[in-house]
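S.K.: Have a look at this prediction, sequence included:
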There are 2 protein chains.
Amino acid sequence: MKVEALRLVISSARKFINMGSLTRLWNLLKNFHPSEISTLMTHLILREKLILLNTLWEKDQEKAADVISELAPEDASALLENLPVDQISDILEIAPSDDVAPILEHLPEELKDAVLKSMEKKPTEDVMELLDHDQETAGRIMTPDFYALNENTMVSDAITAMQLEADVESAFYLYVVDNQEHLRGVVSLRQVLFSRPNTPLKNIMTSDVISVATETDQEEVARYVADYNLVAIPVVDAENKLVGVITVDDVIDIIELEATEDIYKMASLDTTDRIQDSALTSIKKRLPFLLFSLITASVAPFVVKNFQDTIANFVTLAVFMPLVAALGGIAGNQTIAIIVREIAIGQTEWISARKALFKELLVGMGNGIVIGSIVALVSFLWLKNPYLGLILGVAVIINLFIAALIGTMIPLFLKLIKLDPALGSVNLLTMFTDSIGLLVFLGLGTVFMSYLK
Amino acid sequence: MKVEALRLVISSARKFINMGSLTRLWNLLKNFHPSEISTLMTHLILREKLILLNTLWEKDQEKAADVISELAPEDASALLENLPVDQISDILEIAPSDDVAPILEHLPEELKDAVLKSMEKKPTEDVMELLDHDQETAGRIMTPDFYALNENTMVSDAITAMQLEADVESAFYLYVVDNQEHLRGVVSLRQVLFSRPNTPLKNIMTSDVISVATETDQEEVARYVADYNLVAIPVVDAENKLVGVITVDDVIDIIELEATEDIYKMASLDTTDRIQDSALTSIKKRLPFLLFSLITASVAPFVVKNFQDTIANFVTLAVFMPLVAALGGIAGNQTIAIIVREIAIGQTEWISARKALFKELLVGMGNGIVIGSIVALVSFLWLKNPYLGLILGVAVIINLFIAALIGTMIPLFLKLIKLDPALGSVNLLTMFTDSIGLLVFLGLGTVFMSYLK
């Protein structure tokens, strides 16, 4: 939906909701895709969302459940919270299990238990089992609904079986298991289509099937699907029994989420912070990071405090302090972004960490020499003080070298001690570049004071 | 491949290459997936890459072509450049057309023409046509190989037709066209499987098919595929004629690339800068951004220059300059990252820009009051100067408010004037927070100097 169209639909939907014209609301929305309706909903206030949801529910229960499962889990649960337990469980019984688990998770503990108890139709164990796995693992995001048939099944029987199970999410591959449900192979629908009816599946299956374990990190799952160009990947337990399937649409969500998380972490943001959150919520989410920044940013004042006499002696040094600090910060940021992203998309392994460091140091030195020389020249032309220009130039060169060193080491070090390489790295970098950069600059100023004045 | 395994494979591969044991090299690699071999190649030097490629080519031409198409286009062309024209065209004839176009693009102009001329088997028009479309559009990334059959084709004939065309990338949907090749509908392989042989496709097809135009931006294509959970999307020309298909694996590549680009742009990096580039290449790519930063970072010194007397009068002000500047930068970065990412994943439309600004201003004010109060209190406890504490606190509060204002406006403004919202935004922000923050801080210091001393 284009912006103009969206704007029109939103204003019409609000009008109908507030006039109580629910049939017209339904006529407006019935031809939209659930994902479009869920986008629309983010522009409504809670009361309007509830009326819209109830209208959908009355007219087309499946569509209502699809809209709920298209919402972010925290948004979906914030909405469902306001409904009676029975209706929540009715909605979640229709929605796909892999979307239900995270929504349940975001409900208040008591409500979650009540809903789980009142869910009848959906095999509650499915959802419970998903919740048993760690967050951000394959076991948590997989769907337990998939096509799996015994290896001895004939192609003709496989076709009949698939016809009976019409509503399965991963309809592109047929997984083949043995009598103990161990994953044995995979058959594509094309292979089924082109094989003689009385061939057993084990004769046409590809037995070299790429699978992941339930505890595999979701980022690694995404990596497999992306690298091997898959549209679905099977999940097996410790005994190689097939327990679920992860489809490419979920993988896309993971990839987008992980990218957002990298950006957010580098920018000192909580990964759940959203533009739609209330101001108070965002304040609460951002404060811890600002408090941490306050600590890292407080190192530089301690450094500068030691050079008060130098600055008093030659105040022009204070004029260039922001420049030295800013250039180091920006150059270091370049290095951090490169290293963090290469770690995230799996290119930088420890095998090349030393190579990366060496290269970044060369880049820092090269750029430092160019930028430092320009700074020296321009400041000399401005203030006609060759020694100030020289000190400034040298300080910039050293600070860009430090920025490259620290910018490479911080994410690699954070990764080594099993922390997130992006989280807090920019703050730590600024701490070093601000304080070491100013230390070098003001230190040189102190040593060569007699030339400066 | 795990790191340890990769390390072992690389060192073995290098050993075999340098000993000339090419049969052992082949035995080592033959069971690896092309994407694994391409990862491995990034760890080799050019000479080794060429030997490896030639070995693959001799043993299994298709595998060699697959490895080439798994490489980043610029890496692939850098490698192919070193081969004779005949061999380049032989390799590219086997690789999929949608991967061939960007590789050709990265070859030197003359070599590209020579290769295009010597390509025989592959309908060169396909590749040429792809190159006719603008970069980053659907037309450029689509594959012109797809299943499309006339709407009057019987299911049984469709199955036979598909059996003959065994090697088509998008094997999950069958597109249905009329006599003029207009896109009419889509049939899933499941529908084909479950329909009577003498049904014409038009009776079983879904006619409400989501398609994109050749000129649609690739980011928008990715958005459609992600939002509608598709595994492939058809591309039509201005007359609604089916001209290509984009598959979900290409969409995943786009999503990862766009995320990397957002991170890179926010960090002042060229989007093609990679850890594997030589130091000289990276220096050249980063210098323009650093020169731009040099300009934006030079505004603050001009501001501070006007307050030299104030600083000379009370040097302690210089001590806290880095703190005021750093806090504004970090808070503004939070706002920019939120706005840029929401624009990228399509949530912030102009409809909610005013809402976003209002919210960010509230957050800036709220966080400013908390952080400003802490800074005021701690600096008072440190230096026992209540007026300094007060001035510092107020400066921080105002700077965090400015950071929120500027941090929201910059990406929205850049978007409004059709520039990339991420590019240069952090530099511009730092320019404002550094100079306005220090202006407020030193200005307050000047006005209340009599209380400070």
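M.R.: Received it, and whenever you're ready, just let me know what you need.

S.K.: Can you pull the domain assignment for chain A?
M.R.: Domains of chain A are assigned by automatic domain parsing as A:3-136, A:148-248, A:298-452.

S.K.: Next, the buried residues of whichever strand or helix holds A:D113.
M.R.: Counting by DSSP states H and E, the secondary-structure element that holds A:D113 is helix A:109-118. For helix A:109-118, burial by neighbour count (16 or more other CB atoms under 10 Å in any protein chain shown) applies to A:112, A:114-116, A:118. In this view, the C-beta of every residue, glycine as well, is placed from N, C-alpha and C.

S.K.: Tell me the spacing between the closest residue to A:Q180 other than its chain neighbours and chain B.
M.R.: Ranked by CB to CB, 6 or more residues apart in numbering or on different chains and with sequence neighbours excluded, the top spatial neighbour of A:Q180 is A:K241, at 7.0 Å. Applying CB to the nearest CB, to the nearest Å, the value for A:K241 to chain B is 23 Å.

S.K.: what's the answer for A:K418, then?
M.R.: Distance check for A:K418 against chain B: by CB to the nearest CB, it reads 14 Å.

S.K.: In contact with A:V177, which residues are there?
M.R.: Shown in contact with A:V177 (CB atoms under 8 Å, 6 or more residues apart in numbering or on different chains): A:148-151, A:183-184, A:241-242.

S.K.: What is the most widely separated pair among these?
M.R.: A:L149 and A:K241 (14.7 Å; CB to CB).

S.K.: Quick one: neighbours of the closest residue in space to A:M365 that isn't next to it in sequence, just the number.
M.R.: Nearest residue to A:M365, sequence neighbours excluded (CB to CB, 6+ apart): A:F401, at 5.5 Å. Other residues lying near A:F401 total 24 when counted by other CB atoms under 10 Å in any protein chain shown.

S.K.: swap in A:S38?
M.R.: 20.

S.K.: Pretty sure it sits against A:A65.
M.R.: No - counting by CB atoms under 8 Å, A:S38 sits too far from A:A65 to count as a contact (11.6 Å).

S.K.: Quick check, A:G328 in contact with A:F401.
M.R.: No - using CB under 8 Å, A:G328 is not in contact with A:F401; the gap is 9.5 Å.

S.K.: low pLDDT regions in the stretch 351-453 of chain A?
M.R.: Scanning the stretch 351-453 of chain A for pLDDT under 70 picks out the ranges A:351.

S.K.: Kindly apply the preceding question to chain A instead.
M.R.: Applying pLDDT under 70 to chain A flags the ranges A:1-5, A:120-131, A:165-171, A:346-351.

S.K.: For it, which segments are assigned as strands?
M.R.: A:148-150, A:173-177, A:183-188, A:212-213, A:232-236, A:242-247 (DSSP state E).

S.K.: re the thing from before, looking at A:L149 and A:K241, which is more packed in?
M.R.: Neighbour count, other CB under 10 Å: between A:L149 and A:K241, A:L149 has more, with 18 against 14.

S.K.: where does the stretch 101-250 of chain A come near chain B, residue by residue?
M.R.: For the stretch 101-250 of chain A, the contact set with chain B under CB under 8 Å from any CB of the partner chain comprises A:159, A:162-163, A:171-172, A:188-190, A:192-194, A:225-231, A:247-249.

S.K.: Which among those residues count as buried?
M.R.: Among these, those classed as buried by 16+ other CB under 10 Å are A:159, A:162, A:171-172, A:188-190, A:192-193, A:225-227, A:229-231, A:247-249.

S.K.: okay, now A:P73: neighbour count?
M.R.: A:P73 has 18 nearby residues by other CB under 10 Å.

S.K.: Could you report the separation of it from A:E105?
M.R.: Separation of A:P73 from A:E105 (CB to CB, to the nearest Å): 7 Å.

S.K.: same thing with A:E360?
M.R.: Distance, A:E360 to A:E105, using CB to CB: 41 Å.

S.K.: Looking only at neighbour counts, state which of those two leads.
M.R.: Set A:E360 next to A:E105 and count neighbours by other CB under 10 Å: A:E360 wins out with 27 against 15.

S.K.: Pretty sure that one sits against A:A403.
M.R.: No - at 9.2 Å, A:E360 does not count as touching A:A403 under the criterion of CB under 8 Å.

S.K.: shared neighbours of these two, anything?
M.R.: Common neighbours of A:E360 and A:A403 (CB under 8 Å, 6+ apart) are A:T335.

S.K.: Show the contacting residues for the residue of the stretch 351-453 of chain A found nearest chain B.
M.R.: Taking CB to the nearest CB, chain B has its nearest neighbour within the stretch 351-453 of chain A at A:L362, 3.7 Å off. Neighbouring residues of A:L362 by CB under 8 Å, 6+ apart: B:279, B:283.
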